[in-house]
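**Q** Task: produce atomic coordinates for the following.
(2 chains)
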There are 2 protein chains.
Amino acid sequence: MNEGVEIIPRFTLEDGTTLEQVPVAYRTWGRLAPDGANAVVVCHALTGNADVAAWWGALLGRGRALDTDRDFIVCANVLASPYGTASPITTNPATGRPYGADFPIPTIRDTVALHRLLLERLGVRRVRFAIGGSMGGMQALEWAFFGDFVGGVVPIGVGGRHSAWCIGWSETQRQAIFADPSWQGGRYPPGEGPEVGLSIARMIAMISYRSFASYERRFGRERNEFRGRTRFAVESYLEHQGEKLVRRFDANCYVRLTQSMDTHDVSRGRGDYFDVLSGVKQPALVVGVDTDILYPLDEQRELARYMPRARLAVLESEHGHDAFLIEQDAMNAIVQEWRREVIDREA
Amino acid sequence: MNEGVEIIPRFTLEDGTTLEQVPVAYRTWGRLAPDGANAVVVCHALTGNADVAAWWGALLGRGRALDTDRDFIVCANVLASPYGTASPITTNPATGRPYGADFPIPTIRDTVALHRLLLERLGVRRVRFAIGGSMGGMQALEWAFFGDFVGGVVPIGVGGRHSAWCIGWSETQRQAIFADPSWQGGRYPPGEGPEVGLSIARMIAMISYRSFASYERRFGRERNEFRGRTRFAVESYLEHQGEKLVRRFDANCYVRLTQSMDTHDVSRGRGDYFDVLSGVKQPALVVGVDTDILYPLDEQRELARYMPRARLAVLESEHGHDAFLIEQDAMNAIVQEWRREVIDREA
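**A** Numbering: from 1, shown residues only, chains lettered A, B, ... in the order given. So this is what the prediction gives:
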């Protein structure tokens, strides 16, 4: 594994904002082939980062779906994430202080365009496939719009445009953050952010990522002791998850990333939504989870129906949306089979 | 229609608390038969009230499921609700001030026991059936445990015990209220409650009550103007819903009612859960909505499988949990058929 940070001198976002001296944090596994044509791009989710080994370890290694023997695997941190790429917590060169609330709302397309610049600097000439789940799946879809530069895409647990339902979930989480008096319109001092609001946002999200059945099996009506009070175990769990996120995330980043996801629409500026999907030339593996309430299977069926070279794979799991991170062996098998039958054959 | 408030001199809750001079607000439709045996009990949901005509009008009237010609229909406001029955906003006779945060957590069973006292005062000798959706469905199930006094039950969009999933949804809503500085541990002055927190709780709830498909059809990625800003229409809708609830509800009531729902477990103190369901002697009509993510159909299938005289009816609707309030004609037909074939035949 290698890790690094590239500085892109200037980068203009879809909304017209230009960022200067833009850091892009990334990790790579395997070696770039002499022709630069063996890259695989892995795209991380909302609170994820470039360390694929940490969150998708079972897919990464010799002979795995992300084959460290054959592929040059690249995962870059997205715009507005607090893990190294330009975000509300990185320094604005114009002021010498963190961007904070002044950081723009990057689109999914902005992040992918920035990551493409990174790939060029790393010497990549062609991407075998781009893969990711949830917000990572949005990026995977956007990679398809670079034409021959990208050989295939694997969007997982996502649709082609963010639904009203998902925007609603996002918005309640943002409102929970905005309601915290420490929010101060995003102009809180570093380290004094809206911890309670961010924690509640995470609690809401943690419901959306799982399912009725997974909660019932894991918690049922069990009670336990938490902070000196007897609580339902699920209450203790959610509160603990909220607090865990607060220790590793920034509220402005969380707000901007959810807004970024809400921009997701592969058809923006490209024409009719279904025509745009029909115009995707590359092979695609569309993966959905049968118990996903956030990005239900109907969305993946829609992608697979309209993208002409798509194959649909249904991951059966009681874990809901998060299954793509939990059922790693199944995910590895699904992706391995597709790349063997489709991607490796085309190479 | 008649409406009234009965004062029950003393009422002891499951937790041992005794309330004195307990108001029970109610409405009735139709006339009590001379033998007092034609009552139908309608149970309202979380933010509902005793005015069945306002929220279930299509089920109420001559020849309808709730037949004003033949039935004596009673709907009483539940404990902890702000619509007239004893609650955080009613006066504690011991102090002369509203109970506020001192109001106990009533169980669903407490409310049903209190309502039974009301029925006795009204001269009711027998209930034809008890019916309700969501929190009302919890009450309908508890009515079954009065034996021959109740002839049948119609629980809608509910299970026999509150799931970890639903407790999780409840808890995030409560935490949103607790996080509001105006909450002050529930000891806010009347009219100065945690409006922002309650509004966010409602936004969260409004997601859980609907479905992916209903939001998509209604809002999609439409934008509109709301409070001088261009927003996604679904964002404006949720914020508006939050604000609407704040104008008609009290935060302590909301917290206590969600806690009351979390106590729901028909087996508490009665033995093994499945044995308890198997011991229900009355005919039951269990209604589920195929798109309900909060109380999924599996819960109603479970009820119908274990309750020996239960019939399962599936309401097909894209509206999710709220379908029982939206698809009133379909609900009316489902209940009418069951009462004609089962309840009216037994009479």
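**Q** A:R64 belongs to a helix, doesn't it?
**A** No - counting by DSSP: H, G, I helix; E, B strand; the rest coil, A:R64 falls outside a helix, being coil.
**Q** and it, what does it touch?
**A** A:A58, A:N332, A:Q336 (Cβ atoms under 8 Å, 6 or more residues apart in numbering or on different chains). C-beta coordinates here come from the backbone N, C-alpha and C atoms, glycine included.
**Q** Would you confirm that the second one contacts A:L59?
**A** Yes - the criterion here is Cβ atoms under 8 Å, and A:N332 meets it with A:L59 at 4.7 Å.
**Q** Quickly list what's touching both of the two.
**A** Joint contacts of A:N332 and A:L59 (Cβ under 8 Å, 6+ apart) are A:A65.
**Q** Please say which of these two ends up with more neighbours.
**A** A:L59 (24 against 20; other Cβ atoms under 10 Å in any protein chain shown).
**Q** OK, contacts around the more buried one?
**A** Per Cβ under 8 Å, 6+ apart, neighbours of A:L59: A:V52, A:A65, A:L66, A:Q328, A:M331, A:N332, A:V335.
**Q** Which residue is the nearest non-sequential neighbour of the fourth one?
**A** Right, A:Q328. Counting by Cβ to Cβ, 6 or more residues apart in numbering or on different chains, A:Q328 lies nearest to A:A58, which is 3.5 Å off, once chain neighbours are set aside.
**Q** For the stretch 51-200 of chain A, just list every one of the strands.
**A** A:60-61, A:66-67, A:72-76, A:91-92, A:97-98, A:127-133, A:153-156 (DSSP state E, counting those that start in this stretch).
**Q** Single out the most deeply packed of the ones you listed.
**A** Burial of the strands of the stretch 51-200 of chain A is given as mean neighbour count (mean count of other Cβ atoms under 10 Å in any protein chain shown); strand A:153-156 ranks first at a mean of 32.
**Q** would you list every one of the helices in the stretch 151-300 of chain A?
**A** Taking DSSP state H, counting those that start in this stretch, the helices of the stretch 151-300 of chain A run over residues A:164-178, A:195-208, A:212-218, A:233-248, A:251-262, A:273-278, A:297-306.
**Q** Any chance of a markdown table for the ones you listed, columns distance to chain B and mean pLDDT?
**A** Output for these, formatted as a markdown table (distance: least, Cβ to the nearest Cβ, whole Å; pLDDT from 0 to 100):
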| stretch | distance to chain B | mean pLDDT |
| --- | --- | --- |
| helix A:164-178 | 4 | 98 |
| helix A:195-208 | 5 | 98 |
| helix A:212-218 | 4 | 97 |
| helix A:233-248 | 4 | 98 |
| helix A:251-262 | 7 | 98 |
| helix A:273-278 | 10 | 98 |
| helix A:297-306 | 7 | 98 |
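**Q** Now render the ones you listed as a markdown table, adding mean neighbour count.
**A** Formatted as a markdown table, the helices of the stretch 151-300 of chain A follow (neighbours: other Cβ atoms under 10 Å in any protein chain shown):
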| stretch | mean neighbour count |
| --- | --- |
| helix A:164-178 | 25 |
| helix A:195-208 | 25 |
| helix A:212-218 | 19 |
| helix A:233-248 | 19 |
| helix A:251-262 | 25 |
| helix A:273-278 | 16 |
| helix A:297-306 | 19 |
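**Q** Perfect, I'm done here.
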